[in-house]
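*Asks:* missing the sequence, but the structure's below:
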């Protein structure tokens, strides 16, 4: 995360907090993030110096003007004017982190070798909530290469209980004994 990304995210966050539109702006930021991911050519258009600035700003108005808070639209225009629209993903991530901190929540990224049951998910979230002393929003993914177990990233920490890691640890011990 660059300092510039953080400063932009903090500016938008503080404005939305002052105006009481944090949850609406969060929804907007998530929507724009998904749209930009789905249509990377749109980001290219908004950052292209070959397209006149007035046309790029009009494109933002047409795409978002009626659907989002004025603060989000103005923010997108500011990024476009300053040639920083390509930083939106990093700014979005930081804005979402600020929102989670503000609400006393955090996100845990859970990767398992197989799909977890609802009971397993609930137990994991409960344990993580106790460990982190925060409410947890979990994002789940499956990676069969883990061979078994679970890997969790939360609050800058990694908890790796995967079989793949355990095998790697055993292998390292065996290699150390051979030398």
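*Replies:* That came through fine. This structure is a prediction, so every number in the text was calculated from the model and none was measured.
*Asks:* In the protein, what residue spans correspond to helices?
*Replies:* Taking DSSP state H, the helices of the chain run over residues 3-19, 22-38, 40-47, 53-64, 70-81, 88-102, 118-132, 163-178.
*Asks:* What is the first one packed up against?
*Replies:* Contacts of helix 3-19 with other secondary structure elements, assessed using 3 or more CB pairs under 8 Å, 6 or more residues apart in numbering; DSSP states H and E, are made with helix 22-38, helix 70-81, helix 88-102. Just so you know, the C-beta spots here come from the backbone N, C-alpha and C atoms, and that holds for glycine as well.
*Asks:* Could you break the protein into its assigned domains?
*Replies:* 3-100, 106-178 (automatic domain parsing).
*Asks:* okay, and the helix or strand of this protein with the least pLDDT?
*Replies:* helix 163-178 (a mean of 78; mean pLDDT, DSSP states H and E).
*Asks:* got a list of what residue 174 touches?
*Replies:* Residues near residue 174 by CB atoms under 8 Å, 6 or more residues apart in numbering: none.
*Asks:* ah, wrong one, I meant residue 137
*Replies:* By CB under 8 Å, 6+ apart, the contact set of residue 137 is 100, 105-108.
*Asks:* And the residue nearest the centre of the chain, how far from residue 129?
*Replies:* The chain has residue 93 as the residue nearest its centroid, 4.0 Å off, counting by CA atoms, centre = their mean. Taking CB to CB, to the nearest Å as the measure, residue 93 and residue 129 are separated by 22 Å.
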